[in-house]
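Chemist: what follows is a predicted structure for the sequence shown.
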Amino acid sequence: MKIIVCVKQVSIITTRSGIDPATNRLLPGELVYTLNPHDEVAVEEALAIREKHGGTVTVLTLGPARAGEALRWCLAMGADEAIHVLEEAPPEMSPFAVSTVLAEIIRGLEYDLILFGKLAIDDEMGQTGTFVAELMDLPVVTTVVRVELHPGEGRAILHRSLRKGDREVAECCLPAVFTMDMQANRPRYPTLGGRRVAERREIRTICMNKEGGALPCRGIIPAVEIVRLSPPRIRPKKILSPDENESAAGRMQWILSGGVARKTGGRITGDADRLAGGIVEFLVERNFISRPH
Amino acid sequence: MKTIGREILWNLPHQQATVVLYSLLGVLLLLFAWRVRSRIGFYRRGRPEGENRVDRLWERTRDLLRIGFFQKRVLEKKPGGPIHLAIYASFIALFSVTCVVAVEHDLGVMLLDGDFYIAFKLFAETFGIVLVGGVVAALVRRCILRPASLNRERGDLVPLLLLGAVALTGFLVEALRIAATHPAAAPYSYAANAVAGLFARVSIPDLLRLHRGFWWGHALMAFGFLASIPYGRMLHGIAGPANMFLRSYRPTGTLQPMPDFDARETIGAGAIEEFSWKQLLDLDACARCGRCEEVCPAHATGKTLSPQKIIRDLRVSGSRVANRPGGGEEEHGGSMIEGIGVRTADVWACTTCGHCVTSCPMLVEHVEKIVDMRRHLVLGKSDFPPELELMFRKLEVFSDPWGFGPARRTEWATGLDLKEIGRKGSVDLVYWVGCAGAFDERNRNVAASLARILKESGISFGILGSREFCCGDFARRTGNEYLFRLLARKNMAVLEEYGVKKIVTPCPHCYNALRNEYRSFGGSFEVIHHSELILDLMESGRIRARNALEKTISYHDPCYLGRYNGIFDPPRRVLSKIPGMRLAEAGRSRENGFCCGAGGGNLWLPEQGSRINEERSSEFVDLKPDIVATACPHCMYMLEDGMVSARGGGMVPECLDLAEIVLRSM
């Protein structure tokens, strides 16, 4: 089983001050960096699959020089190979742009399975995995909590966690893309031996060239522009309590209803296609978006 | 002809007796040598040591005499100390007596005559009685009083009973000789003389026969005892002095440097051979006295950890040819470290307070073995409590164990207008705050109090701010040597960049790490604890404690400050300089201080049994001072929390740091 795991080094905000007015980004001094926890779970899943079915685990990241540390952590966990696509200012790249680059790289590798974390904890977009699958014309199953591979038959059984303890069980043919949910496993802590391996192993570095060179980067110009970034306003927490003027029956009803007002407006039901169509219609009618072609 | 002396080997066939005795001696020496050689072979299976154990030979000899020959540590506890002294001193005395006899008999030097003989007789007689007394007392203690921590194994009574029998038969032989020959010197053998009266009616031929019989019995048992020394418990008689000679001269608690760490692929001890040769020698030096267990705070609060048991488990697994069965789960429950038979729960329960190490009369070093086992579990097998994993991950990402991050390191100092060091040489003194002072709600006040005191004193000082990272002590003590070095290197880079020469810190863990353990990374700065600095400032008049605080204060000795670094007096002297202060000493204080329970990573770990911090806090609640003074941020919250749930109810003392107390008085 040749498994590719795409990982991201995410930033964690430690204080809520210091926004660079020129770039509308948080000042780097306030941030600390770490391997995205969901991606770490994906790496652990890949390692578990390798232990069971054999094969290799390759980790891939797109990011600045410091993202190499995230790759080293994956190597210390036990990954076989690491590829670093060097890009100095990834926040300016949209998920679609990142996915384009990743897909291009992965096309040049051998793979049976591609894993992602379900989302990155800094921007929480959660799109990259799905975009890569779409670009590579592969099936994708998101927020997977359990993977059961049948490599001989070229398929896998996936579990997804739904609300209220329900599980959805899906079958998917390989190769495929899965995005992993943190519930799937508990990543191992690297041993000293793993750290030494990580220190010594060479990471394959690919440099991005924006001037139009090495990789086709459609969409590299940001499709989304951040206009303003500000710390959250402190909102006083509203604690709802039943109105004393109401009758006892009224108050009971209020409590039983959960204390929230009923939602007004239309509801759309149906499968994913119908829901998507309904939402697009809603947005078009209210002039939020123009009708897509 | 002797005036008052005695014929050696009287009533015995001289030739045969001499031959037999020396043959026995020869056999004894062979057995001894063979056994010692086999033990040395065992020690050599261990890995090399990280420090030089044969430097400073004069100091080592002096300490061997002090601690070994003069039994300094042994005598710290009663009644075991004096009992051992009685037996040990008598053994040496009577052994020398026999040697003197041999010198006269074999070398022909006429010694046992005249006044010397009289003194000799009194000497031997008295020590014979002391020996019997000691053996009886030991038997009473072992078999009747049965102190809980005294390790009792099969074969323990053999050396004791042998010694007792040797002493008694010695008197008997003498008594028989006196009864048969009525020598002039008889009254000097006062005890035997008294017993001789019992044989008044026995015929001379019978006396001679009895004498001969008991004499051989005495000789054989004496040789038997000597032959038993390299086996079992008595091995401490040889391995102990060797262990004392090879002791560590590092400050107590400082872990061994590992200069080759960066090249190592494995670390820690998961099998007997992975301990060092000195650690293996420790196992033989252990006298199974149980003092380590008596003073262990974990053991005192119901945990299964016993330093004595760990040494025993290691010794047992070392002596098995094959590994003991049952790596993994054992019948008693709880997982084990395969191959050495130590329960992992015990390995994690240790608070590294060091009391076992400082109590051990044989200078066994328990704590480092436990840390070595932790290193194996963390960095070798990646099998350790999840609470620690959380702490490790936060340390690596945020450089502090709670996940606040470097940017928040100066929140505690808001409004204090402190200087943040920006370049080399800008201040004389670096105020190293520590993670607890910077981030813990309660300890932020302590950090601020110390800052105010420093400002008042006018000395030039500064803080590192966001460039101060966790000292890494907890990472190191929980076995994550890799993470410790990661942090140490980050800190050293900053300290070197700013050319730091002098550091003051309110946290004993940071103090210990910076002062003693950062040396191996090139740290050559002077590190002082805030109690020492405050004392200095008070004595030089730069700060004055003016306001009287009419309070009774009891001071709690932090383990890493007191037992580890010998700083007991400065905090007390600081307190005594505050007008109106009355000092009350807790029962377990100074070198015998009881741990607060936070050390060794136990701040993060779940606890079995009753709580160490509550046990310690109860002691203070019972003492009823107005204030309990601490000099460590971890002791601060452990004691405060412990007060809440300590027995006693009613008013509990206020917990304050030295800096807070001094500030109140300024």
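Modeler: Yep, it's here.
Chemist: quick one: end-to-end distance for stretch A:8-27.
Modeler: End-to-end distance of stretch A:8-27 (CA to CA, to the nearest Å): 19 Å.
Chemist: and it, which residues are buried?
Modeler: A:8-11, A:14-15, A:19, A:25-26 (16 or more other CB atoms under 10 Å in any protein chain shown). The way it works is simple: take the backbone N, C-alpha and C, and place the C-beta from them, glycine included.
Chemist: before we move on, what about stretch A:172-182?
Modeler: A:172, A:174-182.
Chemist: distance of A:Leu283 from chain B?
Modeler: Separation of A:Leu283 from chain B (CB to the nearest CB, to the nearest Å) stands at 39 Å.
Chemist: just the buried residues of stretch A:172-182: which are in strands?
Modeler: Per DSSP state E, strands hold the following members of those: A:172, A:176-180.
Chemist: nearest to B:Ala191 among the buried residues of stretch A:8-27?
Modeler: For those, the closest approach to B:Ala191 (CB to CB) belongs to A:Thr14, at 80.0 Å.
Chemist: where does the prediction get shaky in the stretch 101-250 of chain A?
Modeler: Within the stretch 101-250 of chain A, the stretches with pLDDT under 70 are A:209-224, A:239-240.
Chemist: which residues of the stretch 251-400 of chain B fall in helices?
Modeler: Per DSSP state H, counting those that start in this stretch, the stretch 251-400 of chain B carries helices over the ranges B:277-285, B:291-295, B:297-300, B:307-319, B:344-349, B:355-359, B:366-375, B:386-398.
Chemist: swap in the stretch 101-250 of chain A?
Modeler: A:128-135, A:192-200, A:248-256.
Chemist: who wins for proximity to B:Ser665 among these?
Modeler: For B:Ser665, the closest of the helices of the stretch 101-250 of chain A is helix A:192-200, at 49.7 Å, according to CB to CB.
Chemist: let me know the angle separating the closest one from helix B:366-375.
Modeler: Orientation check (axes from the mean of the first three to the mean of the last three CA atoms, to 10 degrees): helix A:192-200 against helix B:366-375 gives 60 degrees.
Chemist: chain B contacts on chain A?
Modeler: Listed as neighbours of chain B in chain A under the rule CB under 8 Å from any CB of the partner chain: A:12, A:14-15, A:18, A:29-30, A:32-34, A:188-193, A:195-196.
Chemist: could I get the phi/psi values of the closest residue to B:Gly609 other than its chain neighbours?
Modeler: Computed as CB to CB, 6 or more residues apart in numbering or on different chains, the closest residue to B:Gly609 that is not its neighbour in sequence is B:Gly302, at 2.8 Å. When quoted as degrees, to the nearest 10, the phi and psi of B:Gly302 stand at phi 90, psi 10.
Chemist: same thing with B:Val628?
Modeler: Dihedral angles (degrees, to the nearest 10) for B:Val628: phi -110, psi 120.
Chemist: contacting residues for it?
Modeler: Residues counted as contacts of B:Val628 (CB atoms under 8 Å, 6 or more residues apart in numbering or on different chains) are B:553-556, B:620, B:639, B:643, B:653-656.
Chemist: and it, bridged to which residues?
Modeler: B:Ser554, B:Cys655 (DSSP bridges).
Chemist: so A:Leu229 touches A:Ile19, yeah?
Modeler: Yes: applying CB atoms under 8 Å, one finds A:Leu229 in contact with A:Ile19, separated by 5.3 Å.
Chemist: strands of the stretch 151-300 of chain B, start to end?
Modeler: With DSSP state E, counting those that start in this stretch as the definition, the stretch 151-300 of chain B shows no strands.
Chemist: interface residues of it facing chain A?
Modeler: Checking the stretch 151-300 of chain B against chain A by CB under 8 Å from any CB, the hits are B:264-267.
Chemist: looking at these, state which has the most neighbours.
Modeler: Within these, most neighbours by other CB atoms under 10 Å in any protein chain shown means B:Ile267, with 21 neighbours.
Chemist: give me the pLDDT for that one.
Modeler: Note for B:Ile267: predicted pLDDT of 93.
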